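Visitor: the sequence isn't on hand, but the structure is:
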């Protein structure tokens, strides 16, 4: 059985602009929920919020349609070049059939040759990135 595709999800600069006030947090979350609708995609939280919140607390912050897709968070922080990419690679490990995509605003944390749906940190996720998620999932073979 083919594993379900994974989105590695950052929060700041993706689910809301990096400059968002608390009442604006997760203002873009519905765009991601809409893009994932009807798919089997699961979410791994790669946001630095994982260092200050438990997985259960992170799920409570998200709309239910996203929270129910969250299966894990990446592990320890990596310091150095391509930090977020390295953290994701540590999580992915040696699972050769795993199909995954990071959704992040820190393009500098990923090698230029890596897969990434990059968001503008000033706006967070827009319909453009939501469409890229849908296109990527459209290329995914589901069991």
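Guide: Received, thanks. Not measured: the values here are computed from a predicted model.
Visitor: CA atoms for contacts and neighbours, from now on please.
Guide: Fine.
Visitor: helices of this protein, start to end?
Guide: 29-36, 55-61, 64-67, 83-92, 127-138 (DSSP state H).
Visitor: Throw the ones you listed into TSV and include mean neighbour count, mean pLDDT and distance to residue 74, thanks.
Guide: Shown next, in TSV, are the helices of the chain (neighbours: other CA atoms under 10 Å; pLDDT from 0 to 100; distance: least, CA to CA, whole Å):
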stretch	mean neighbour count	mean pLDDT	distance to residue 74
helix 29-36	18	96	19
helix 55-61	15	97	10
helix 64-67	16	97	16
helix 83-92	18	94	6
helix 127-138	16	95	20
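Visitor: among the ones you listed, which is nearest residue 22?
Guide: helix 55-61 (11.4 Å; CA to CA).
Visitor: name the surrounding residues that touch that closest one.
Guide: 49-50, 66-68, 70, 72-73 (CA atoms under 8 Å, 6 or more residues apart in numbering).
Visitor: sorry, back to before: switch the helices of the chain over to JSON lines; also include distance to residue 114.
Guide: Formatted as JSON lines, the helices of the chain follow (distance: least, CA to CA, whole Å):
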{"stretch": "helix 29-36", "distance to residue 114": "21"}
{"stretch": "helix 55-61", "distance to residue 114": "27"}
{"stretch": "helix 64-67", "distance to residue 114": "25"}
{"stretch": "helix 83-92", "distance to residue 114": "8"}
{"stretch": "helix 127-138", "distance to residue 114": "14"}
